[in-house]
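**Student:** Here is a sequence with its predicted model. Questions after.
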Amino acid sequence: MNATPEDPNARLAALQDELEAVKKREAQFRANMVQEFLDKGERNLYVHTLHEERVALRRRQQESFADLEILIRKLEAEGERSALLEAELSRVGRSLSWRMTAPLRAIGRMLAPSSQPPTMARIMDRLPVEGGVFTYYLHTSPFRIYRESSFTLSGWAWPQDGRAITAIRVNLSGRTFIGRTGIEEPEVIARYGAQANNPKPGFEITFETPPGRHALSLEAQIDGGEWLWVVKTAIWCEPKGA
Amino acid sequence: MSDDADKRWQESTTALGERSAYKKVWDLQAQDPDVASLAVAGHTDEAKLDLTARGFIDMIQPLVGVGANDVVLEIGCGIARVGKVMSRECLHWFGADISGGMLRHAAGRLRDCKNTTLVELSTVGLQEFPRDAFDLVYCTIVFMHLFEWDRYRYVEEAYRVLRPGGHCYFDNFPLDSVHGWNVFMAGTRYPLNRRPAHLSMSSTREELSVYLRKAGFEDVRVHDLPNELIAATGRKPLV
């Protein structure tokens, strides 16, 4: 039934409806205001946090790609240099004078004094290390051009046979750098399950990166005894401005 | 609930000394949906989450009123246990939490709730929000995890972001209830060096009442709730 303007109940109801509509518009305005405030400020908005994470990841990816490209070019150049040196060596080895002076070079090697007395630690450090089978991940990838004077390699690892990692080190062309083990990695444990002998599988090692090409070997000590390498690679260190 | 969720929850906790590092403490407990649910609700049953949220809304309705045209803010919304149901009762629901990890799970639970917005707080306070914006600001099952200074900070901030005439609601457990005493005694059983950062700490009626009055609220009331919590409600004065 349509209400007549004279019907006070109908007028009251109409006013009530209008009031509700106004209230709703006002509330919607405030909700929009908050949204706009959040969008404008953006700085702490959850979506913005994700956005920033994505931008940072993209930047890191691009840096990695650029480094990889440089790395590949260096490998090509090293390959060419190696081929030239091999050809030169072959030529020298075939020469008469080289063959005639061979006994003298052998005597010289025998008489040459050692520059440093060997210590047990140094001998142990230089012993060749066997490769092990590890489950691992490196947060800071070693596959890069090293621009700073030092680098911190961090990640997590455990041997697949379940034994404990008791120490960690980087062997850089014969120089060893001992790192820190026992760092918590709750997300890793959550994903892979508890590791009885490696409950805190994180590690980090800071090592110097002098200019030039080096052999890098990440090595773990197992159960306080033998050392096994986790990953090996050649690296190039080119400090900024060099 | 997966069998090891409880164990993973225990492993995700941090020491009491880190209680103020709320973001870290709660992000650690937000590793996966089960752990997050255990941390904020004590169980992982989705149906039970909805049921308790419904119960909460029915309980606060007569205290502060929740209307279909209300713009509502929840402080410390966690996985949006209450927000998912509350969003059906109001015009727009905003959920704020200091833990981005918790909000990730909340976002999943609110996938179909279009009138909701999640905001990660950068620190204690509501600096992300403008003043005079909300009809209702509430904070439930949060104060027990905060230090007193931070509890008051949120009350002050609630006053700022409420519109004149808007209502607030804050609850905690008291010592003088069976449930409250049990929670307290459970806390005493932790070894000194193993007390977790999220350890629940009680409030008194006087404490809650003082916070609201000092912040400027009027019509301040303290309620003894059926679930053995105490809650303070107040209204921001009309200009």
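**Tutor:** In hand now; what should we look at? Numbering: from 1, shown residues only, chains lettered A, B, ... in the order given.

**Student:** State which helix of chain B is the longest.
**Tutor:** helix B:46-64 (DSSP state H).

**Student:** Show me what counts as buried in it.
**Tutor:** Residues of helix B:46-64 classed as buried: B:49, B:52-53, B:56-57, B:59-60, B:63-64 (neighbour count, 16 or more other CB atoms under 10 Å in any protein chain shown). All C-beta atoms are positioned from the backbone trio N, CA, C, and that covers glycine.

**Student:** quick one: the strands in chain B?
**Tutor:** Counting by DSSP state E, the segments of chain B that form strands are B:71-75, B:92-97, B:116-120, B:134-139, B:162-172, B:218-224, B:230-235.

**Student:** need these in JSON lines with distance to residue A:11 and mean neighbour count, can you?
**Tutor:** Shown next, in JSON lines, are the strands of chain B (distance: least, CB to CB, whole Å; neighbours: other CB atoms under 10 Å in any protein chain shown):
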{"stretch": "strand B:71-75", "distance to residue A:11": "29", "mean neighbour count": "27"}
{"stretch": "strand B:92-97", "distance to residue A:11": "31", "mean neighbour count": "27"}
{"stretch": "strand B:116-120", "distance to residue A:11": "37", "mean neighbour count": "22"}
{"stretch": "strand B:134-139", "distance to residue A:11": "27", "mean neighbour count": "27"}
{"stretch": "strand B:162-172", "distance to residue A:11": "26", "mean neighbour count": "22"}
{"stretch": "strand B:218-224", "distance to residue A:11": "32", "mean neighbour count": "15"}
{"stretch": "strand B:230-235", "distance to residue A:11": "30", "mean neighbour count": "24"}
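
**Student:** Residue A:23 is nearest to which of those strands?
**Tutor:** Residue A:23 sits nearest to strand B:134-139 of all the strands of chain B, at 9.6 Å, using CB to CB.

**Student:** list the contacts for residue B:38?
**Tutor:** By CB atoms under 8 Å, 6 or more residues apart in numbering or on different chains, the contact set of residue B:38 is B:1, B:5-6, B:9, B:44.

**Student:** Low-confidence ranges, chain A, go.
**Tutor:** The model of chain A has pLDDT under 70 over residues A:1-5, A:41-52, A:112-128, A:241-242.

**Student:** and what of chain B?
**Tutor:** B:1-3, B:10, B:12-17, B:41.

**Student:** How about residue A:153, nearest residue that isn't a chain neighbour?
**Tutor:** Among residues not flanking residue A:153 along the chain, residue A:205 sits closest, at 5.0 Å (CB to CB, 6 or more residues apart in numbering or on different chains).

**Student:** Identify the residues contacting that neighbour.
**Tutor:** Here residue A:205 is in contact with A:152-154, A:168-170, A:177-180, A:218 (criterion: CB under 8 Å, 6+ apart).

**Student:** all helices of chain A, in order?
**Tutor:** Going by DSSP H, chain A shows helices at A:8-41, A:46-94, A:96-100, A:102-111, A:120-126, A:186-192.
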